[in-house]
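Novice: Sequence first, then the predicted structure, then my questions.
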Amino acid sequence: MKHSRAFASLLAVGLLLANLGLTPPQEKRDIQAFLLKVIKDVSKKSTTKSWEKAIPMDRLKSGYQLKTEAGSLALIRFADESKLLVREKSIVEIKGQVQGRQIIDRDVHVQNGGLGFSVKKQETEQFRFSTPISVASIRGTEGAVNHSDSDSTSNFTCVSGSFDVDGVSVTAGYTYERKQGAQGQTRQNNPDDTRNSSLNTEQPPQQPPSTRTNRLEIIGKDRSGKEVKIVIE
């Protein structure tokens, strides 16, 4: 009899919680991204495995690193449609967690080389891009991140919108540059900025606000030497 009353009490509590819309908190898990496109020699590395060949539709979880060789490119997509295009001779690492469908945190660390990004706007979560010497917080914009190990210099180029790097606001058309041990400086972009970063990031011609779209266009070559264009919209 006592067991029956206890079960009835638990059942009543369960029904009350359900009616109130209360559900147990969902567990946090590693964020995931997918490799949409791979050109030439691209490798991946997890926290438990060494470097191995990466192929299209590979899953990249938190803690995974991606490495591109000379003449290689890799296009990465997250669940919220944010995209990254890792340029040649680069090493990047993806970190982050999700809870249910909510992104808790997300960080892409550029150890060396560079990437172009197109980040979807989020209401709360900030997409962080970091290098060995700088950190950028981005809510929804397009641009590029580069870091050179040879001279310990980081560059954050804003193509549209705005973002903060090391507490400094960077708006469209400007690049934030910092050398290790020195204070960062912001300068206006010039036509050679994207060429120097080897990302070839371009803005489309000016259009009316109602029809204007922002794109990242990356030019590369496949194994046969044929030119390949990748467009991130």
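Specialist: Alright, I've got the coordinates.
Novice: make it CA atoms for all contacts and neighbour counts henceforth
Specialist: Will do.
Novice: Okay, helices next: where are they in the protein?
Specialist: 2-19, 193-196 (DSSP state H).
Novice: Least reliable of these by average pLDDT, please.
Specialist: Across the helices of the chain, helix 193-196 has the smallest mean pLDDT, namely a mean of 49.
Novice: low-confidence ranges in the protein?
Specialist: 1-26, 101, 122-125, 191-233 (pLDDT under 70).
Novice: Quick check: A136 vs E177, distance?
Specialist: A136 sits 12 Å away from E177, going by C-alpha to C-alpha, to the nearest Å.
Novice: K67 too?
Specialist: Taken as C-alpha to C-alpha, the span from K67 to E177 is 23 Å.
Novice: R29 too?
Specialist: Distance from R29 to E177, by C-alpha to C-alpha: 34 Å.
Novice: Equivalent analysis for T48, please.
Specialist: Counting by C-alpha to C-alpha - T48 and E177 are separated by 34 Å.
Novice: again, but for I104
Specialist: For I104, the distance to E177 (C-alpha to C-alpha) stands at 28 Å.
Novice: cool, A54 as well?
Specialist: 31 Å.
Novice: and if you look at S162?
Specialist: Note on S162: its distance to E177, by C-alpha to C-alpha, is 15 Å.
Novice: now K61
Specialist: Computed with C-alpha to C-alpha, the distance linking K61 and E177 is 30 Å.
Novice: Provide a list of residues in contact with L75.
Specialist: L75 sits next to 35-38, 83-86 when contact means C-alpha atoms under 8 Å, 6 or more residues apart in numbering.
Novice: How about S160: which residues does it bridge to?
Specialist: E142 (DSSP bridges).
Novice: My guess is it contacts Y174. True?
Specialist: No. Applying C-alpha atoms under 8 Å as the test, S160 and Y174 come out as separate, 9.6 Å apart.
Novice: joint contacts of these two?
Specialist: Joint contacts of S160 and Y174 (C-alpha under 8 Å, 6+ apart) do not exist.
Novice: Quote the end-to-end distance of stretch 134-146.
Specialist: This stretch, stretch 134-146, spans 11 Å end to end (C-alpha to C-alpha).
Novice: What of stretch 163-180?
Specialist: 21 Å.
Novice: Flag every buried residue along that stretch.
Specialist: For stretch 163-180, a neighbour-count test (16 or more other C-alpha atoms under 10 Å) marks 163-165, 170-179 as buried.
Novice: ok, now stretch 108-125?
Specialist: So for stretch 108-125, counting by 16+ other C-alpha under 10 Å, buried means 108-120.
Novice: now do stretch 50-66
Specialist: So stretch 50-66, judged by 16+ other C-alpha under 10 Å, has buried residues 54-55, 59-66.
Novice: same deal with stretch 35-42?
Specialist: By 16+ other C-alpha under 10 Å, the buried positions in stretch 35-42 come out as 35-42.
Novice: Can you tell me which of those lies closest to G100?
Specialist: L35 (22.0 Å; C-alpha to C-alpha).
Novice: Distance check, that closest one against A182.
Specialist: Relative to A182, and taking C-alpha to C-alpha, L35 is found at 36 Å.
Novice: What is the neighbour count of the residue lying closest to Y174 once chain neighbours are set aside?
Specialist: Excluding its sequence neighbours, the residue lying closest to Y174 (C-alpha to C-alpha, 6 or more residues apart in numbering) is Q188, at 4.4 Å. A count of nearby residues for Q188, using other C-alpha atoms under 10 Å, gives 14.
Novice: quick one on the thing from earlier: between the buried residues of stretch 108-125, which sits nearest F129?
Specialist: V108 (4.9 Å).
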